[in-house]
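In: sharing a sequence plus its predicted fold:
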Amino acid sequence: MKKINIAVDGFSSCGKSTIAKGLAKELGYTYIDSGAMYRAVALFAYRNGWMTDTTIDEAALQKHISEIVISFETAPTGQQETYLNGENVEREIRSLEIGNGASRVSTLGFVRKELVRQQQAMGKKKGVVMDGRDIGTVVFPDAELKIFLTASPEVRARRRFEELQAKGTPVSYEETLANVIERDERDTTRSESPLRKAPDAIELDNSNVTITEQLQWAMDMFNKITTQHE
Ligand SMILES: Nc1ncnc2c1ncn2[C@@H]1O[C@H](COP(=O)(O)OP(=O)(O)OP(=O)(O)O)[C@@H](O)[C@H]1O
Ligand SMILES: Nc1ccn([C@@H]2O[C@H](COP(=O)(O)O)[C@@H](O)[C@H]2O)c(=O)n1
């Protein structure tokens, strides 16, 4: 069957990566975590001293943005891991600090231009499931299936808090909730590609939906769309 591209957008810590990874595994598609790419840029900026918790040296970051090579590899566990210039940075990019940093660098036009260029190249041959904030609106506007996930901030913060706790990350629920709210505010109000539901996206509020149920729902949407396209 002809392969399509699938866009999964939505708010922070909603379950985008979970549903996208599940779809990719079921369909034999490539999964691309676009958020990991923004996180890798933030890590690169921090490491080079061009970014602090309050400032960004935009000129320096723009001068060196083309030096950033982001790739993904599947670990023996089956988990996808993010590589920055050949170094496995998967664990480092998942901190609240880097998540906040990603949200900050994602407001910069030259960062978005470079990452969207790379993301669009990844989807050229179809067969990609990509999650993020602007996949259905900017990266793959012609994606045949667009999913938009939402859930209450409290539910999303609880999910991320439990995930970080399981990894042994010392963080409180209150810090996690504040991080979720801050990132959502920045993502939805920025001038560059703000988080929006694409007009042709199918929305799911998964506040009271299990991981299994949401994947089944997504597969049902895929089967419906691909039957229509046949
Ligand atoms: N329907 C669900 N019910 C309960 N927990 C869920 C559900 N979907 C995902 N989760 C859990 O919520 C946490 C966040 O999920 P995930 O990383 O997929 O979110 P995300 O939208 O990709 O986050 P971010 O945009 O911040 O990277 C994970 O621990 C995941 O296992
Ligand atoms: N397509 C995207 C993906 C992400 N961002 C920004 O990066 C931050 C981290 O993304 P996660 O999915 O890993 O949480 C996110 O808060 C966004 O600000 C983006 O702008 N566009």
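Out: Received the coordinates, thanks. Residues are numbered from 1 along each chain as shown. Ligands and ions are numbered 1, 2, ... in the order given.
In: so for the longest helix that the chain contains, what's the average pLDDT?
Out: Secondary structure of the chain per DSSP state H: the longest helix is helix 211-229. Helix 211-229 shows a mean pLDDT of 93.
In: now do the buried residues in it.
Out: By neighbour count with 16 or more other CB atoms under 10 Å, helix 211-229 contains the buried residues 214-215, 217-218, 221-222, 225-226. (Each C-beta comes from the backbone N, C-alpha and C, glycine too.)
In: ok, K3 - how many residues close by?
Out: K3 is flanked by 15 other residues according to other CB atoms under 10 Å.
In: ah, wrong one, I meant I135
Out: A total of 32 residues lie near I135 under the criterion other CB under 10 Å.
In: so it is in contact with A7, correct?
Out: Yes - I135 is within contact range of A7, at 3.7 Å (criterion: CB atoms under 8 Å).
In: give me the common contacts of these two.
Out: When CB atoms under 8 Å, 6 or more residues apart in numbering defines a contact, the residues bordering I135 and A7 alike are 143, 146.
In: any idea which of the buried residues of helix 211-229 is closest to ligand 1?
Out: Of all these, Q214 has the smallest distance to ligand 1: 4.8 Å, by CB to the nearest ligand atom.
In: surely that closest one and N208 touch.
Out: No - Q214 is beyond contact range of N208, at 10.5 Å (criterion: CB under 8 Å).
In: hmm, stretch 77-97 touching ligand 2?
Out: No - judged by CB under 6 Å from any ligand atom, stretch 77-97 makes no contact with ligand 2; its nearest approach is 7.9 Å.
In: setting aside sequence neighbours, what's the nearest residue to A42?
Out: Once flanking residues are discounted, A42 sits nearest to G101: 3.2 Å by CB to CB, 6 or more residues apart in numbering.
In: on the three-state scheme, that neighbour is what?
Out: Using DSSP: H, G, I helix; E, B strand; the rest coil, the structure places G101 in helix.
In: same deal with D9?
Out: strand.
In: can you get me a residue count around L177?
Out: Other residues within reach of L177, judged by other CB under 10 Å, total 18.
In: an error on my part: the question was meant for V171.
Out: Residues near V171, counting by other CB under 10 Å, number 15.
In: ranges for the strands of this protein?
Out: Assignment of strands within the chain using DSSP state E yields the ranges 5-10, 30-33, 70-74, 80-84, 87-88, 128-132, 145-150, 202-205.
In: contacting residues around the residue nearest to A42?
Out: Applying CB under 8 Å, 6+ apart to G101 gives the contacts 39, 42-43, 45-46, 51.
In: please apply the same query to R104.
Out: 42, 51, 56, 186.
In: who in the chain is up against ligand 2?
Out: 12, 34-35, 38-39, 99, 102-103, 106, 132-135, 183, 187.
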